[in-house]
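>>> Sequence plus predicted model, see below.
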Number of protein chains: 4
Amino acid sequence: MAGNTFGKLFKLTTFGESHGMAIGGVLDGCPPGITLDLDAIQLDLDRRKPGQSAIVTQRKEPDTVKFYSGLFEGRTTGTPIGFAIHNTNQKSQDYTHIKDSYRPSHADYVYDQKYGFRDYRGGGRSSARETASRVVAGAIAKQFLADVKINAFVSQVGDLKLEKDYQELDFSLIESNPVRCPDPNTAAEMEGYIKKIRKEGDTIGGVVTCVVQNVPVGLGEPVFDKLHAELGKAMLSINAVKGFEYGSGFEGVKMKGSAHNDQFNVDGSTKTNYSGGIQGGISNGMDIYFNVAFKPVATVIQAYETIDKDGNTVMTQGKGRHDPCVVPRAVPIVEAMAALVLADFTLLDRTLKT
Amino acid sequence: MAGNTFGKLFKLTTFGESHGMAIGGVLDGCPPGITLDLDAIQLDLDRRKPGQSAIVTQRKEPDTVKFYSGLFEGRTTGTPIGFAIHNTNQKSQDYTHIKDSYRPSHADYVYDQKYGFRDYRGGGRSSARETASRVVAGAIAKQFLADVKINAFVSQVGDLKLEKDYQELDFSLIESNPVRCPDPNTAAEMEGYIKKIRKEGDTIGGVVTCVVQNVPVGLGEPVFDKLHAELGKAMLSINAVKGFEYGSGFEGVKMKGSAHNDQFNVDGSTKTNYSGGIQGGISNGMDIYFNVAFKPVATVIQAYETIDKDGNTVMTQGKGRHDPCVVPRAVPIVEAMAALVLADFTLLDRTLKT
Amino acid sequence: MAGNTFGKLFKLTTFGESHGMAIGGVLDGCPPGITLDLDAIQLDLDRRKPGQSAIVTQRKEPDTVKFYSGLFEGRTTGTPIGFAIHNTNQKSQDYTHIKDSYRPSHADYVYDQKYGFRDYRGGGRSSARETASRVVAGAIAKQFLADVKINAFVSQVGDLKLEKDYQELDFSLIESNPVRCPDPNTAAEMEGYIKKIRKEGDTIGGVVTCVVQNVPVGLGEPVFDKLHAELGKAMLSINAVKGFEYGSGFEGVKMKGSAHNDQFNVDGSTKTNYSGGIQGGISNGMDIYFNVAFKPVATVIQAYETIDKDGNTVMTQGKGRHDPCVVPRAVPIVEAMAALVLADFTLLDRTLKT
Amino acid sequence: MAGNTFGKLFKLTTFGESHGMAIGGVLDGCPPGITLDLDAIQLDLDRRKPGQSAIVTQRKEPDTVKFYSGLFEGRTTGTPIGFAIHNTNQKSQDYTHIKDSYRPSHADYVYDQKYGFRDYRGGGRSSARETASRVVAGAIAKQFLADVKINAFVSQVGDLKLEKDYQELDFSLIESNPVRCPDPNTAAEMEGYIKKIRKEGDTIGGVVTCVVQNVPVGLGEPVFDKLHAELGKAMLSINAVKGFEYGSGFEGVKMKGSAHNDQFNVDGSTKTNYSGGIQGGISNGMDIYFNVAFKPVATVIQAYETIDKDGNTVMTQGKGRHDPCVVPRAVPIVEAMAALVLADFTLLDRTLKT
């Protein structure tokens, strides 16, 4: 398997299966001398962890991260930061029913086809549990970025859409409700809806919106590694993501150029921001904002027909502890990936400076 | 500048500015022994080239590619394929008006900020002219992939949307009209609309849909380098792209898991295909399909106010030869990038086989 | 810090400081389905570990490796193999004397200059303790390579040189003595010499020779990533290495082409092997052999004058537990790095095969 | 084929076969704003080019480089620098005798084995002609490095060894003779010897020594990408190289640590320099010096027996225009590769600075 490393200079490599001994990673390239707030890292892990509220999976994992290297007397040394989160609440027996059969819209089938066999327990490496390692590294990236403000929030659950521009929102309310929607009324509606979905044993999709502010001008590499291309890849690499758009996005295709163009103010800022803070793949200093679409979680607590390894039809029953809607827990993951992208481009941009 | 290389094993590096001596690239990693159809490569270049119809830019460039290496007696040797397309129709004087001022929603401003100065002629490196090199490499990738069928087409121009599933379309009609929409009626409407927009001196956005068929099971690397994450990055790296979605995409967020799950047939294929041919980042053998959103081209042939290098307000007038709508010419670029992604993952997947 | 990853496809990333909580790594890209002999891995670690004989450092570390991921029911799954070796015998107080001063010919000074400060305990990241992680990954690579035989041994200690061609040696005797020289008489001399050096509180350099047999034809990538160039880099990346030569090496410069050329047998093998099993950067199926020069360890148990952070002259005294001669323990490290290089090129070569 | 790219940030990709249409490359990552002295680049090419003196190959190639991109009004723009050197003096018919047979100690056999067939004309991609592209990029790297002084010279031809430390040499004399040995007497001896070898139709090996001065403290990445490990790889990637040593090198293994350690002066410089300017893989500000061993060129103008594709024994005769001794022309290549390594690490080191 390749592809377990993200970033070129601020570089995260992760390891670990859902029900193995531990998950974790190595963050290489974080500059030296940064005093790390370890509580802030744990806080982001807690925002992602299972069991945090009534609308997420009830698997109980403390998700406590241990740092093995790269820190000395509270500061980053510039050497690789090795870390691990030990798994404690594996109920592998919950998964014996899928040992030889394939859950629809899961990675079971393709893993068996590609690798010949798989660690089937909890989805093994394909489990979103892997993203906890991203949150650790992303939380470090946030501290490295310091002045940059990254706020993600839930803007849609099923048909329920937050009908406000991000400028009208108070980001300090994001954590005020289990949905992580900064509009209390919409959040309450969403919460009720998710609970209803859960009772049905079903799941529902959603959208996470992310706003990045105070980004300096000049991050991103034109041509293949455009800032929004890397952000897109980062988001699409998160489990269950089906789409990414930034700035005017898919709606922008309906606009005329004369209306879509962002006219300049004399200080280089722009009067509108359909560009979403990025021109030609490079940040222009305006707010970066983008949407990430998450499909409904594939595990539904219902009986269904599927196939086994040998191509036989089998009846099975969704079990285990799963999320009825993935977006509330996805918020810190989206932020983490955005932070990793920006940290990487920050280092890359430094190579141009003497 | 970094980021001029795409792919890990089937690896394209491009060079060249819009009004420099030549653009071109090096394709490294193409396996040996492939008999290349050079006409097919030129044909894809012709589908992208300016001046091909009344609804695209009237810059006249023959866009003839010359191969410098990597071929011997008609076959790839396994060594790097170096190639160049010489620029012949530069009208650099068309651009002196932007030498010191910044066009809105172009990369002029951010290039100056990032690099200190820029080759302003025709947008320099930020020009979509760079994508001709991608089309060359992509056309080689298509030949390498052989059995895989990649068809892109225009599915939306402004508000005009092709309201048919791709299964209802006849891909052989894509090239039957200048818009590259396989539905003749919709194509005619779109063509008329683009002509109207052009007359206004304005531009309009659009969507390119791409369908990839006959992909073997197993391409893609789970975790960070998921197949759809690399496809997304590839598409978002194309000039003017604002969004990417695959399978059920943004619409899928409204669905329940019980409806969204793709139930298996006994042969491993699925009854529905909301997954878009990819599960857990790995191709599952079903059709891959995705949408790519393009914003309206920023150059409008109208007078507008902008700023210059020194922060003064200046009046200027859009000039040059530009596309009223970028999607007809983007079709072969989308195909090329899809081919490059699939070729790369094909090589990567081989590393698992003995 | 960059550069903590080795390999492109069979890819090892290591972390950890000499006196931190743990050292370890992530091995990404190891193909699935390999039944790992964990004892063989531990055995290689034991060959490298401190305290194993009277002629190496007396630091006592069990160096027991724990695997966190990538294995399921005894086999590699194709997912990243995360592992750690917990440090247990740190005597960090041994190093307070170097907290603010720089040991000659160590990395102390350059680390402070480059990173601003350093984890001074036991040399921190610059300690050869890091190589234990390489031995773990190398031992896995050996098992992946299966038929390839990699034998390293000590061929020189100070002036004492093993004056035999490798063909005359019985590799099964390498582990029969603490020096790891397969010639018992020379080994005894070397052992006596190292003991004498140790008594003096001094250190001495040496050479490790490595022979790789049963390598298939075709490994290595011509141009920049020649097989011997990667082997050279791999060896030079080991602590204390000052030189690398393969095949005829530095002696070969004195030869005429007519004598140096390796004439072919009809089966493609060659009558002589001055090429060292590699032509044009690609393995030719003959034995690969190379020499690696190690300088004398910098830590001598003697009083010496040096400078501190502020540029003052200070007297200090070599302390801690160190090796009088590094080559006996370097043998498994050389083998491990050779195995990593060959595993990587094996995967890369597969990309050419359909 | 992989491995046609060198460097991570200051990144050169080369293409081209000995007798193809052109060789060339793309240099990506060169910072913007550097005024390039194109004559200096051509001068380095002239130092490498065939036909320059009586002791090198008599193939006549002007080796004129054309730049396609990345330069604007005399300065680097930060975009990729594409360049090509067109081949003009191909005598491909000289090589029909090796179309189906394998020259000993050449890459013919392994190319056929690895790739299935090969462009046999002049060695195709395995020809040292490829290094002209390196010289172009290296010459740009030298200009980027500005204050760093890189001087390579011939220090040995066959048994004739320059018995002086580099400190005793006047580097301004390197170009005063066709051998490129800065000691006139030794140079004359070497020249006579090479002429004698040429008359015999034979070839001889040699050593190039390189001294790099004014390197700032802090270049290089500890662990795998040590400065000397990358230098070693760079040198070993040059055609015909068999060994690399730096600082005390292979001789250093005979020394005791107490003698080998480089004691500090109060300014951080050292009284001796057995370390060769590098400690722990990082430059320490002292001179970097290293030796590169080149084997005798494999092409000898003599009749010899070899095998063909089908394993038959055939008699053949060395033909073509070749070098009796490769080191005089290798001098600018060694410098170029050293410059590329240092430029890359310079950019990488910048990522640590705010």
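In hand now; what should we look at?
>>> For the nearest residue to residue A:299 once chain neighbours are set aside, list the residues it contacts.
Closest residue in space to residue A:299, ignoring its immediate chain neighbours: residue A:322 at 4.3 Å, by C-beta to C-beta, 6 or more residues apart in numbering or on different chains. (Glycine included, C-beta is placed from N, CA and C.) Contact analysis of residue A:322 by C-beta atoms under 8 Å, 6 or more residues apart in numbering or on different chains lists A:57, A:203, A:297, A:299, A:301.
>>> can the longest helix seen in chain A be found next to chain D?
Criterion DSSP state H: the longest helix present in chain A is helix A:327-350. Yes. Applying C-beta under 8 Å from any C-beta of the partner chain, one finds helix A:327-350 touching chain D at A:347-348, A:350.
>>> circling back to that earlier point, quick one: which of the contacts of residue A:322 is most hemmed in?
residue A:203 (29 neighbours; other C-beta atoms under 10 Å in any protein chain shown).
>>> What sits closest to that residue if chain neighbours are left out?
residue B:257 (3.5 Å).
>>> which residues touch the residue in chain A sticking out farthest from the centre?
For chain A, the residue at maximal distance from the C-alpha centroid (C-alpha atoms, centre = their mean) is residue A:266, at 36.4 Å. By C-beta under 8 Å, 6+ apart, the residues touching residue A:266 are B:307, B:311-313.
>>> rerun at 6 Å
Contact analysis of residue A:266 by C-beta atoms under 6 Å, 6 or more residues apart in numbering or on different chains lists B:307, B:311.
>>> secondary structure element for it?
Under DSSP states H and E, no helix or strand contains residue A:266.
>>> swap in residue A:155?
Per DSSP H and E: strand A:149-157 holds residue A:155.
>>> Just name whatever secondary elements that strand is in contact with.
Counting contacts by 3 or more C-beta pairs under 6 Å, 6 or more residues apart in numbering or on different chains; DSSP states H and E, strand A:149-157 packs against strand A:206-213, helix A:327-350.
>>> go with 8 Å
helix A:184-199, strand A:206-213, helix A:327-350 (3 or more C-beta pairs under 8 Å, 6 or more residues apart in numbering or on different chains; DSSP states H and E).
>>> between that strand and strand A:206-213, what angle do the directions make?
Calculated by axes from the mean of the first three to the mean of the last three C-alpha atoms, to 10 degrees, strand A:149-157 forms an angle of 160 degrees with strand A:206-213.
>>> Contacts for the very next helix or strand once past strand A:149-157 next, please.
Downstream of strand A:149-157, the first helix or strand assigned by DSSP H and E is strand A:160-161. The contact list for strand A:160-161, computed with C-beta under 8 Å, 6+ apart, reads A:155, A:186, A:189-190, A:193, A:207.
>>> top of those by neighbour count?
Most neighbours among the contacts of strand A:160-161, by other C-beta under 10 Å: residue A:190, with 30 neighbours.
>>> Surely that one and residue A:153 touch.
No. With contact defined as C-beta atoms under 8 Å, residue A:190 and residue A:153 do not form a contacting pair (11.1 Å).
>>> Mind listing the shared neighbours of these two?
Contact criterion C-beta under 8 Å, 6+ apart; residues shared by residue A:190 and residue A:153: residue A:181.
>>> ok, which stretches of the stretch 151-300 of chain A are helices?
Here the stretch 151-300 of chain A has its helices, by DSSP state H, counting those that start in this stretch, at A:184-199, A:227-236, A:257-260.
>>> which of those helices is buried the deepest?
helix A:227-236 (a mean of 29; mean count of other C-beta atoms under 10 Å in any protein chain shown).
>>> Can you list the neighbours in contact with it?
Residues outside helix A:227-236 that contact it (C-beta under 8 Å, 6+ apart): A:6, A:219-221, A:241, A:244, A:246-247, A:276, A:278, A:281-283, A:288, A:290, A:292, A:334, A:337-338, A:340-341, A:344-345, B:224, B:226, B:228-230, B:232-234, B:236-237, B:244.
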